[in-house]
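> model this:
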Amino acid sequence: MNDPALAGQSRTRLATTTPAPTAPARAGRSRAGLATATAAPSTPTRAGQSRAGQSRAGLATATAAPSTPTRAGLATATAAPSTPPPTAPAPTLVAVGHGSRDPRARATLSRLLERVRELRPGLDVRLAHIELNAPLLDDTLAAVAAEGRDAVLVPLLFAPGHHVTHDLPAAVAATPALRARVAEPLGAHPLLVEALVGRLAEAGWTAQDGTARDTGVVLASAGSRDPRSGAETRRIAALLGERLGGVPVVPAYASAAAPTVPEAVRALTARGRHRVAVASCFTAPGLFATRAAAHTPWIAADPLGAHPALARLVLHRYDRARTARTTTPARELAAI
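The predicted structure follows:
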């Protein structure tokens, strides 16, 4: 039966069922779904835009979004300094002794500075003398200046006097290429007292001597006409007396001031202190230290030399001068 109408209906039904999803269509949906998942952050598409267009737009959006921050972050990381800037070396510590004709003096100071180096590895530590011994102060400062270094001068002296307030600043002023500071003298400090007590103990002083009624101590030092020097020596004597348990300690001087060591011994003897020890407030052996020891009626301590406490005190004076925010320039001190 050839009815054209029925044939048309069959073709219509066939056309309706033919567009069922084929494999390529499913693949298209899969790609569209993948694109949609990738393109989640993108803006909604316009009506009628194809799924393929959505996929391409979404992919482009997801890929491009982090690109600018990533480049900026990379540029920032690259521009950061890779290593910290180099720091300037610490100033040279120039330990300044007076100088002596006694051959033991220079060797003793050299041992003291070896202890200083052991306490502060890497620190440039040099010895200089005001007179009589090499290297002389002027030569040492010229060498430090030629190397382009700064310096801190630490006097191996115990009180302010002409050497500290004039000779050392004058030497700095005579080396204009050098940036330098002059530290305080060793002075009245617990570390100095520790060294003095240590040397007295080596000479035979005991804790029982500190409570005896017949003992006394003479603190022997070089002496100076500067009244500040005498005041500082008296402070050292007071600190030593306290450390020894209240024993009377009388300062005495080898030159330029009174009392002398024999006069101080007689003064203590007059007070009933017949066992008198001499504490040697000298950094190294020399004429003054030898004379002072010769006048003792009982025991005499050796010069302080390379005592560990004295080495720590040298570094303490160096550190205070190096870190001080304001100090009187050495060239101004030289003009006083």
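
> quick one: the helices in this structure?
When secondary structure is read from DSSP state H, the chain shows helices at 4-17, 23-38, 51-64, 67-79, 103-119, 137-146, 162, 168-173, 190-203, 227-243, 261-270, 287-294, 308-323, 330-333.

> let me see the mean pLDDT of the fifth one.
Taken as a whole, helix 103-119 has an average pLDDT of 97.

> which residues does it contact?
The set of residues that contact helix 103-119 without belonging to it, under Cβ atoms under 8 Å, 6 or more residues apart in numbering, is 93, 95, 97, 99-100, 123, 125-127, 129, 133, 156, 283-286, 303, 305-306, 308, 310-312, 314-315. Every C-beta, even on glycine, is put in place using the N, C-alpha and C of the backbone.

> flag every buried residue along it.
By neighbour count on 16 or more other Cβ atoms under 10 Å, the buried set for helix 103-119 is 105-106, 108-109, 112-113, 115-116.

> in CSV, list the residues you listed along with distance to residue 253.
Shown next, in CSV, are the buried residues of helix 103-119 (distance: Cβ to Cβ, whole Å):
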residue, distance to residue 253
105, 19
106, 24
108, 21
109, 22
112, 23
113, 27
115, 28
116, 28
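
> ok, those vs residue 204, which is closest?
Distance to residue 204, by Cβ to Cβ, is smallest for residue 108 among those, at 21.1 Å.

> output the below-cut-off pLDDT ranges for this protein.
Applying pLDDT under 70 to the predicted model, the residue ranges of the chain that meet it are 1-86, 325-336.

> how is it partitioned into domains?
Per automatic domain parsing, the structural domains of the chain span 92-187+312-333, 190-304.

> chain center to the shortest one, what's the gap?
Computed by Cα atoms, centre = their mean, to the nearest Å, the chain-centroid distance of domain 190-304 equals 34 Å.

> span of it from start to end?
One end of domain 190-304 sits 14 Å from the other (Cα to Cα, to the nearest Å).

> same check on stretch 162-179?
Here the two ends of stretch 162-179 are set 22 Å apart, with distance taken as Cα to Cα.

> just the buried residues of that stretch, please?
Neighbour counts using 16+ other Cβ under 10 Å place 163-165, 167-173, 175, 178-179 of stretch 162-179 among the buried residues.
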